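Student: I'd like to go over a predicted model; first the sequence, then the structure.
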Amino acid sequence: MPEPSAPGPARLAASPAASFPGRPRPVLPRPDWQTVAAIFAGGALGTLARAALAQAFPHAATAWPWPTFGVNIAAAFLLGYFVTRLQERLPLSSYRRPLLGTGVCGGLSTFSTMQVEILKMLSAHAYGLAAGYTAASIAAGYAAIHLATAVVRRVRVRR
Amino acid sequence: MSLLLWTAVTLIGGAGSVLRFYVDALVSSASGRDFPYGTLVVNLSGSVVLGLLTGLALAGDAWLLAGTAAVGSYTTFSTWMLETQRLTEERQHRKAALNIGVSLVLGVAAAALGRLIGAQL
């Protein structure tokens, strides 16, 4: 998982549960207010961008959902870039990952809208479109993460 | 009224993201980190609710606020892809394929279930 090596007070606060022998218990994270504020601010920004695009480019149920497709692939690239850079390149920071990763990228991308779009395509018997949209989203999303990760890792660490 | 509407979209988006963080952390702490259950639970629960809103035939500003802003910000595509890519990097190809397959099949099923319930209400 990308999370295990994730630095930050929030992850640290939630991690002790994993060290208990036997079945771990659910533990509510107790992040500091800065972490929560960073997630809120980033999420607000990402959501605003996604909602504005969705409103600006409405589409029929049987047309390619460009707004959702676009934000999802863009957010995947950004998340791959941010997370790799923050984990492997930059010094520990307590607010960057929540702000940029959990907040901006999480708010910008959406899974539920994609599922409802696929469902509507299936209901309209647009099976080819549904299959194409699903396959393209996953292929491009995966490739975006892979590419962003490679871009960050190609840059030598300066000491 | 547009300013008020977009202010609400922004605030709801922030709140949805914070809720995602808490649900993900809560589920991950209970399930361990062998498989990204946290994101799966977030995405499936969000898909049920968005399906429900679809079944209720929400439209216009109501859809923008409850669907696009609230549920849209709560669920995430980017983390789902990141976790899948990191699984393949760790040569956990079976888990990566499962993460894609299970999320997709149950995601559409969850949306369909939500829509069915919403249409009955």
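Tutor: Now that the structure is in, tell me what you want to look at. Numbering: from 1, shown residues only, chains lettered A, B, ... in the order given.
Student: look up the closest residue to A:Glu117, ignoring the ones flanking it.
Tutor: A:Pro65 (4.8 Å; Cβ to Cβ, 6 or more residues apart in numbering or on different chains). Yep, even glycine has a C-beta here, placed from its N, CA and C like the rest.
Student: let me fix that: B:Val41
Tutor: B:Val27 (4.7 Å).
Student: quick check: the one you found touching B:Tyr37?
Tutor: Yes - the criterion here is Cβ atoms under 8 Å, and B:Val27 meets it with B:Tyr37 at 5.4 Å.
Student: quick revisit: any idea how far the residue nearest to A:Glu117 is from chain B?
Tutor: Applying Cβ to the nearest Cβ, to the nearest Å, the value for A:Pro65 to chain B is 12 Å.
Student: now do A:Leu28
Tutor: A:Leu28 sits 6 Å away from chain B, taking Cβ to the nearest Cβ as the criterion.
Student: neighbours of the residue nearest to that residue when sequence neighbours are not counted, how many?
Tutor: Setting aside the residues directly before and after it, A:Leu28 is nearest to B:Leu26 in space (Cβ to Cβ, 6+ apart), at 5.9 Å. B:Leu26 has 18 neighbouring residues, counting by other Cβ atoms under 10 Å in any protein chain shown.
Student: before we move on, what about A:Trp33?
Tutor: Residues near A:Trp33, counting by other Cβ under 10 Å: 8.
Student: now swap in B:Lys95 and tell me
Tutor: Neighbours of B:Lys95 (other Cβ under 10 Å): 18.
Student: what's the answer for A:Asp32, then?
Tutor: Other residues close to A:Asp32 by other Cβ under 10 Å number 14.
Student: would you mind measuring from it to A:Ile39?
Tutor: 11 Å (Cβ to Cβ, to the nearest Å).
Student: and for B:Phe21?
Tutor: 5 Å.
Student: then B:Leu11?
Tutor: Here the criterion is Cβ to Cβ. By it, B:Leu11 lies 13 Å from A:Ile39.
Student: more neighbours: the two, which one.
Tutor: Higher neighbour count among B:Leu11 and A:Ile39: A:Ile39, with 30 against 16, using other Cβ under 10 Å.
Student: got the phi/psi numbers for the more buried one?
Tutor: phi -60, psi -40 (degrees, to the nearest 10).
Student: show me where chain B has its helices.
Tutor: Assigned by DSSP state H, the helices in chain B fall at B:2-31, B:37-55, B:60-62, B:72-74, B:78-89, B:93-120.
Student: deepest of those, which one?
Tutor: Sort those by mean neighbour count, taking mean count of other Cβ atoms under 10 Å in any protein chain shown, and helix B:72-74 sits at the top with a mean of 32.
Student: show me what that helix is packed against.
Tutor: Packed against helix B:72-74 by the contact rule (3 or more Cβ pairs under 8 Å, 6 or more residues apart in numbering or on different chains; DSSP states H and E) you find helix A:33-56, helix A:112-123, helix B:2-31, helix B:37-55.
Student: check which element follows the second one along the chain.
Tutor: When you say that, I think you mean helix A:112-123. helix A:127-154 (DSSP states H and E).
Student: can you pull the contacts of B:Leu58?
Tutor: Neighbour list for B:Leu58: B:66-67 [criterion: Cβ atoms under 8 Å, 6 or more residues apart in numbering or on different chains].
Student: hang on, the earlier thing: take the helices and strands packed on helix B:72-74 and write them to JSON lines, including mean pLDDT and distance to A:Tyr81.
Tutor: Shown next, in JSON lines, are the helices and strands packed on helix B:72-74 (pLDDT from 0 to 100; distance: least, Cβ to Cβ, whole Å):
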{"stretch": "helix A:33-56", "mean pLDDT": "97", "distance to A:Tyr81": "14"}
{"stretch": "helix A:112-123", "mean pLDDT": "98", "distance to A:Tyr81": "21"}
{"stretch": "helix B:2-31", "mean pLDDT": "96", "distance to A:Tyr81": "19"}
{"stretch": "helix B:37-55", "mean pLDDT": "98", "distance to A:Tyr81": "19"}
